[in-house]
Structures are given as C-alpha cells and as structure tokens.
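[1] no FASTA, just this:
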C-alpha cells in the first residue's frame, strides 16, 4: 500500500481554527517540497509529468474520508493497485506512466510503500480485511493462488535470469517472513530498474542484474538505492550556455 509521507503534518487541509476539514476542497502544497526538492525532481527526464501526477495523488489522497487521508486506497478502502491509482487520477490507460511516477516518488521519499500486514493495517487505519477470515480449505487455496500470482508478477518483471515459477516460489518461501515481504518485491524491482536506467543514462557504471535466486536469497528488496540524477537534456545544456553567455555580456 502506498502512503503519502508526513501527510498529516504537511498536506492535511485544516480550518482557520486548526481543525481538520471533513469536506476538503483543497490540499495544502508546501512551498518547499521535502526530500531532494522540486528542482531535482524536474531534472528527471519525465519530471514535469511526475510532478503533475504527484499533485493528482495528493488530491486523490485527500478527496476521501478523513480517516483514510494520506493513503492510496480503492473505492472499497483497500490498498489500491496501479490500475486503481491510475483510474483515480484520470489516467486510466497510462498505468506505465503512473507506475514510473510512484517508483520515482518513492525513491525521493515523498511517498512510501508499506506492507499490508495486520500491524500495518492497524497502524495506518486500513479498514479492508485482506486475509480471508475463515481458513477453510477453499479459502486457503484461493489465498495461496493469490500469493503465487503476486510473486509471479514480480518474477516476470525481474530483468535478470530466473527459473520456473514453482522453483523460484519455493526458494522464496524459505524466508520465514515471506508473506510479509511478498508485496515488497515488485516495487523494489521497479526501483532497481529506474536506478539502473539512470546509471546508464548518466554514463556511470551499471552492474548487471543478478539472477533471481540470488536476488531473493540476499533479500535485495530491502536494499537502499541512492538517487541518481538523470543527465541533462539538450535543452537544459542550451539554457546553461545562454546563462553563461549573459554573464559575459
């Protein structure tokens, strides 16, 4: 589940008396965005689009019940999928663009992806029941199929070498906390894809992908990747040359 970092202190709409508005018509936008800052974001090759999506995400996270504000949920108050999020910001059909924006904003520290365990649901007030309450054989089968589906989505996204689904899934389940870690895999792979793309574009050394078994065994979904500033475009370099020329006029 994606949440807006520090939503209550930075973005929550308040009345002149400092009380939260039940029916909010606006969302606060700080003059100085957090993290690396707006200037760094806009240097990204799709920075303008990502910043626009960021503003739309803030609106979507505010145009909901007060207890759910700051969280990206669907109409059932469940953690929203990429498709749900794209639809909520009127970008249905542009899920790839929204997915990239979420990955970059997560890397910037403006949003955060949290696991949907019972503890997290309690901490963040998610009202959806994500695990079947009756552990019948039928429900357990459905639950297991859902785990496999989520894992396979991450496996297919991974850019390195990988083995068959059953083999890789059985290897992943060797981690005692595999259920809690399952939903962290795909966002982590997205972050690594963007990180490596930025490394290549900037001309820096880009390590090759590990095989999926090694990636899983080393719990690389927990690795922290530094933000790599994308190279400047021709237009940016042209503007710099113009600025330099003006200094000598």
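    Cool, the structure landed. On a predicted model such as this, the values are computed, not experimentally measured, just so you know.

[2] can you give the domain ranges for this protein?
    The chain breaks down into these domains under automatic domain parsing: 1-130, 132-249.

[3] need the winner for burial among those.
    domain 1-130 (a mean of 16; mean count of other Cβ atoms under 10 Å). Using the backbone N, CA and C atoms, a C-beta is placed for each residue, glycine as well.

[4] checking my notes, residue 51 in a helix, right?
    Yes: checked against DSSP: H, G, I helix; E, B strand; the rest coil, residue 51 lies within a helix.

[5] that one and residue 92: what is the separation?
    For residue 51, the distance to residue 92 equals 20 Å [Cβ to Cβ, to the nearest Å].

[6] repeat for residue 218
    37 Å.

[7] can you check residue 21 too?
    28 Å.

[8] what's the answer for residue 1, then?
    Noted for residue 1: a distance of 20 Å to residue 92, by Cβ to Cβ.

[9] same check on residue 16?
    37 Å.

[10] for residue 200, give me its contacts.
    residue 206 (Cβ atoms under 8 Å, 6 or more residues apart in numbering).

[11] now do the helix or strand that contains it: distance to the chain's middle.
    Taking DSSP states H and E as the definition, residue 200 sits inside helix 185-201. Centroid displacement of helix 185-201 relative to its chain, using Cα atoms, centre = their mean, to the nearest Å, is 12 Å.

[12] check stretch 8-19 too.
    Relative to the centre of its chain, stretch 8-19 is centred 25 Å away, using Cα atoms, centre = their mean.

[13] and what of stretch 3-23?
    Worked out by Cα atoms, centre = their mean, stretch 3-23 lies 22 Å from the chain centre.

[14] pLDDT of that stretch, averaged?
    Here stretch 3-23 scores 84 as its mean pLDDT.

[15] which residues does that stretch contact?
    24-30, 34, 57-58, 61-62, 66, 69-72, 109-112, 114, 124.

[16] one more time with 7 Å
    By Cβ atoms under 7 Å, 6 or more residues apart in numbering, the surrounding residues in contact with stretch 3-23 are 24, 26-28, 30, 34, 58, 61-62, 66, 69-71, 109-112, 114, 124.

[17] what do you get for stretch 166-178?
    Everything outside stretch 166-178 that qualifies as a contact, by Cβ under 7 Å, 6+ apart, is 148, 151, 155, 162, 181, 212-213, 216.

[18] and that stretch, how far apart are its ends?
    Taking Cα to Cα, to the nearest Å, stretch 166-178 runs 15 Å from one end to the other.

[19] between its first and last residues, how far does stretch 38-47 reach?
    End-to-end distance for stretch 38-47, by Cα to Cα: 9 Å.

[20] what stretches of the chain score poorly on pLDDT?
    Scanning the chain for pLDDT under 70 picks out 31-37, 39-40, 115-143, 227-249.

[21] which residues in it form strands?
    Using DSSP state E, the strands of the chain run over residues 2-4, 111-113.

[22] mind putting the ones you listed into TSV with distance to residue 198?
    Shown next, in TSV, are the strands of the chain (distance: least, Cβ to Cβ, whole Å):
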stretch	distance to residue 198
strand 2-4	21
strand 111-113	18
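
[23] mind checking those strands for the one nearest to residue 225?
    Closest approach to residue 225 among the strands of the chain (Cβ to Cβ): strand 111-113, 13.7 Å.

[24] mind listing the strands that closest one pairs with, and their directions?
    The pairing partners recorded for strand 111-113 under DSSP bridges are strand 2-4 (antiparallel).
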